[in-house]
Each structure stands twice: as structure tokens, then as C-alpha cells.
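[1] I would like the atomic coordinates for the input below:
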Amino acid sequence: MSLKRERGRGRRTRGMVMLYSAMILLVVAMLAGLRFYNFIFASNVTIESNRDGVIYIPTGANFDEVLFLLEHSGYIENMKSFQWVADRKGYPSRPRGGRYTLREGMSNNDVVNLLRSGRQTPVNVTFNNIRTHEELAGQLSRRLEADSLQFLNSLTNEDALGEIGFARHTVLGMILPNTYEMFWTTTPEGFITRMYREYERFWNEDRLQRASNLGFTPLEVATLASIVDEETIREDEKSRVAGLYINRLRRGMRLQADPTIKFVIGDFTVNRILNRDLEVDSPYNTYMYAGLPPGPIRMPSVTGINAVLYYEEHNYLYMCAKDDFSGYHAFARTLQEHNRNAARYRRALNERRIFR
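    Have a look, this model is predicted:
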């Protein structure tokens with residue numbers, strides 16, 4: 001009987017050992033599973049003050065560069081767990097450049113899926129009051145990935161611009177100042193394509209018909225609008241200025257627009273146009289050549305374009321800045337009246353010792 005009891009006790013002991021071992025293995029498995037779950041699905045993004053965190057990944061960046069950017073952003077709490085998840089989801093082989101927004105509480109799985117998908121957060125790109133290609137290129141480079149030289153090359157690429165009917169000296173007449181939503185990785189070529197689509201959308205049937213009624217192409221409207229924009233800072237005066245220029249064109253008179261001379265001499269800051277300025281031979285010199293110049297002298301505003309399309313009808317042929325320096329103009333129907341206005345303005349300049 002004692003031998004049987006010993007054998008029974010041995011079996012019960014082995015059974016208990018096996019049970020305890022199984023329980024331990026189960027606990028270990030549960031802990032491992034919990035760790036595995038936390039690696040993948042637990043929050044691993046912390047943003048101060050509950051604001052979104054933005055990360056910029058350059059086009060062509062490799063996985064090590066992405067890890068460097070994330071680590072130095074301070075948004076990822078545990079970089080090792082992030083790398084572990086990224087490795088298992090195949091992210092290292094296919095980083096995609098872009099501007100990505102990380103939010104408080106995102107998991108490694110969320111972040112990897114976001115970066116792998118290429119779902120960027122767009123940026124707002126605003127530009128207005130642009131006079132030169134270089135100025136536009138500089139503004140674009142401050143909001144988008146490409147640098148200013150890349151944008152400048154695209155804005156002056158005659159072959160590429162020619163494919164859409166524009167050239168270096170006319171492209172600013174195609175680009176409409178506004179605020180646009182774009183991806184940070186938008187290329188210079190992509191920017192030109194987008195602006196051409198916006199241009200075609202802007203020039204709807206109504207605007208095209210109004211331009212045609214004036215005897216203008218859209219580019220000619222933009223060219224005149226650029227002169228109007230440069231002539232006056234007063235929005236409520238633009239349609240009157242546009243009407244004056246249209247009157248002169250219809251009568252075969254030279255525009256004699258001072259802004260075109262400023263464009264020719266490369267200085268829009270001068271307050272006085274000198275006789276020597278008028279002698280510079282350029283197709284943009286509207287004192288020397290009749291008609292419109294070959295292209296816009298700056299990027300025209302939408303209000304400038306509308307001022308031309310909806311110009312004020314009147315009989316004015318001459319204008320001169322008012323001597324009160326209000327930014328408004330004194331308009332005249334006759335040369336004699338204009339000369340009196342011009343004399344008053346010159347006296348005001350002299351009194352203020354403004355000689356250039």
C-alpha cells in the first residue's frame with residue numbers, strides 16, 4: 001500500500017509541475033503578447049500642448065534618414081519599438097517624401113501606415129504683388145520642397161513653357177496671385193501644370209467673351225492689367241485707369257505708361273521718370289512704341305484683370321499723380337489740362353526734394 005501511495009504522490013507532483021509550468025508559459029505568452037500589442041498599437045507619439053506635430057521627409061530620403069528626422073523631432077517616445085514595427089511592415093524599403101502630420105496618441109502602426117501611404121498634409125502657398133520671376137521663385141521655395149533656383153529654371157524654361165503656349169516673358173501673365181493648397185513635394189514642373197489649370201479655369205466663357213469684345217487675347221488683358229496694377233495702388237481707381245489706356249489704344253495713341261519705363265530701367269521705386277529713361281530702346285518702352293508691350297511687366301492681380309474687362313467708360317486720355325501724394329490720379333481729357341496737372345505734381349516733388 002505504501003508503494004502505491006508513493007507512486008500516486010509522484011504522479012500528482014508531476015501533474016502539479018506540469019500545471020505550474022503551463023501557467024508560467026501562459027503568463028509569459030500573455031506578457032509577450034501584451035508587449036507585442038503595445039509595440040504595434042499602443043500610443044507612441046507625444047506632442048506638447050496637444051498640437052499636431054509636422055515632420056518633413058525629403059524626396060528620396062532613406063530609412064535611416066527618416067529615423068534621424070523622427071528621433072530629432074522628439075515626437076516619438078520609443079524609437080526602438082517604432083523601428084521594430086516599421087521593419088515588420090516593410091517600410092524601410094519604401095519611404096515616401098512629404099509633409100506629414102503626427103497627432104497625439106498615434107501608435108507605431110498608425111505612424112508607419114501614414115508614412116508608407118504618402119498621405120501628406122498640404123500647405124497653403126500664397127503669393128501676390130509679384131514683379132519678377134526671381135521674387136516668385138523665392139516665395140515658392142519658402143513653402144515648398146524645391147529650392148528657388150529649381151523654381152526659377154522652371155519659370156524660365158522656354159521649351160517647357162512653349163508646350164502650353166507661353167514663354168519666359170509671358171508666364172507671369174498666366175499665374176494668378178492667390179492662396180493655393182499644394183503638397184510640399186510639388187515639383188516646379190508640377191507647379192507650372194497646376195497654374196496652367198487654374199488659368200484655364202479662370203478664363204471662363206464670360207471672361208473670354210469680354211476680352212474678345214475688347215479685341216484682346218487673355219494674355220493682352222493680363223499685360224494691360226499689369227500696367228494698371230503698377231500705375232495705381234488704389235483699387236477703386238483701377239477701372240478708370242484701364243479705361244484711359246483703352247481709350248488711347250483705340251485712338252492709336254502710345255500708352256506712354258510710366259510703369260513700363262520703370263520696368264525698362266529695372267527700378268520700380270523711382271518717383272520721377274527722366275528724359276534719359278524715355279530714350280532707352282526697348283519693346284516695353286510705351287513712349288517709344290505703340291500698342292501693348294510684348295508681355296506683362298509684373299504678375300497681374302485678379303482685380304487688375306477685372307478692371308480691364310470691366311473698364312470704366314469715359315473720355316480721359318491723360319493722367320498724372322495727384323500732388324497730395326494720396327496715390328490717386330488727376331485725369332484729363334486734353335493735353336493742356338494734363339500739363340497743368342503735371343506741373344503741379346512736379347512742384348510738389350521739388351518741394352519735397354524728390355528728384356528721382
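[2] can you count the residues close to Phe166?
    Other residues lying near Phe166 total 22 when counted by other C-beta atoms under 10 Å. In this view, the C-beta of every residue, glycine as well, is placed from N, C-alpha and C.
[3] which residues sit against stretch 332-344?
    Asn315, Tyr316, Leu317, Tyr318, Met319, Cys320, Asp323, Ala330 (C-beta atoms under 8 Å, 6 or more residues apart in numbering).
[4] again, 10 Å this time
    If you take C-beta atoms under 10 Å, 6 or more residues apart in numbering as the criterion, stretch 332-344 is touched by 244, 247, 314-324, 329-331.
[5] Where neighbours are concerned, which of those residues has the most?
    Among the contacts of stretch 332-344, the one with the most neighbours (other C-beta under 10 Å) is Leu244, at 25 neighbours.
[6] Am I right that that one sits in a helix?
    Yes - when the secondary structure is assigned by DSSP: H, G, I helix; E, B strand; the rest coil, Leu244 falls within a helix.
[7] on that earlier part again, let's see which of the contacts of stretch 332-344 end up in helices.
    Of the contacts of stretch 332-344, the ones assigned to helices by DSSP state H are Leu244, Asn247.
[8] What is the most widely separated pair among the contacts of stretch 332-344?
    The span of those, defined through C-beta to C-beta, is set by Asn247 and Asp324 at 24.9 Å.
[9] need the strands for the stretch 251-356 of the chain, in chain order.
    Along the stretch 251-356 of the chain, the segments classed as strands by DSSP state E, counting those that start in this stretch run 318-321, 329-332.
[10] now the ones you listed in TSV, with mean pLDDT?
    Compiled in TSV, these are given as follows (pLDDT from 0 to 100):
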stretch	mean pLDDT
strand 318-321	97
strand 329-332	98
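[11] wait, which of the ones you listed is closest to Asp281?
    Ranking these by proximity to Asp281 (C-beta to C-beta) places strand 318-321 first, at 24.3 Å.
[12] Can you give the contact residues for that closest one?
    Under C-beta under 10 Å, 6+ apart, the answer for strand 318-321 is 231-232, 237, 240-241, 244-245, 247-248, 253, 256-258, 271, 327-346, 348-349.
[13] And the helices in the stretch 151-300 of the chain, which stretches?
    Read by DSSP state H, counting those that start in this stretch, the stretch 151-300 of the chain holds these helices, from start to end of the chain: 158-162, 188-202, 205-214, 218-231, 238-250, 258-265, 275-278.
[14] can you list the domains in the protein?
    As assigned by automatic domain parsing, the chain contains the domains 48-117, 125-202, 205-351.
[15] Save those as a markdown table, and put in distance to Ala42 too.
    Rendered in a markdown table, the data for those read as follows (distance: least, C-beta to C-beta, whole Å):
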| stretch | distance to Ala42 |
| --- | --- |
| domain 48-117 | 6 |
| domain 125-202 | 29 |
| domain 205-351 | 50 |
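[16] These: lowest mean pLDDT?
    Mean pLDDT is lowest for domain 48-117 among the domains of the chain, at a mean of 92.
[17] and the residue positioned nearest the centre of the chain, what helix or strand is that in?
    Closest residue to the average C-alpha location of the chain: Val125 at 2.9 Å, with C-alpha atoms, centre = their mean. In this assignment (DSSP states H and E), Val125 forms part of strand 123-127.
[18] cool, and Val54?
    Element membership for Val54, per DSSP H and E: strand 53-57.
[19] ok, Asp277 - contacts?
    Applying C-beta under 10 Å, 6+ apart to Asp277 gives the contacts Asp258, Ile261, Lys262, Val264, Ile265, Asp267, Val270, Asn285, Tyr287.
[20] do Asn128 as well
    In this structure, Asn128 makes contact with Gln139, Leu176, Pro177, Asn178, Thr179, Met299, Ser301, Val302, judged by C-beta under 10 Å, 6+ apart.
[21] And for Pro177?
    When contacts are counted by C-beta under 10 Å, 6+ apart, Pro177 is found next to 126-130, 136, 229, 299-304.
[22] Next: Gly90.
    Under the criterion of C-beta under 10 Å, 6+ apart, the contact list for Gly90 reads Val112, Arg116.
[23] ok, it to Glu65 distance?
    From Gly90 over to Glu65 the distance is 17 Å, taken as C-beta to C-beta, to the nearest Å.
[24] what's the closest of the helices of the stretch 151-300 of the chain to Glu71?
    Ranking those by their distance to Glu71 (criterion: C-beta to C-beta) puts helix 188-202 first, at 30.4 Å.
[25] List the buried residues for that closest one?
    In terms of neighbour count (16 or more other C-beta atoms under 10 Å), helix 188-202 has its buried residues at Pro188, Phe191, Ile192, Met195, Tyr196, Tyr199.
[26] With distance to Ile55 as added columns, please give those in a markdown table.
    As requested, the buried residues of helix 188-202 are exported to a markdown table (distance: C-beta to C-beta, whole Å):
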| residue | distance to Ile55 |
| --- | --- |
| Pro188 | 23 |
| Phe191 | 23 |
| Ile192 | 27 |
| Met195 | 28 |
| Tyr196 | 31 |
| Tyr199 | 33 |
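[27] Please consider this matter closed, and thank you.
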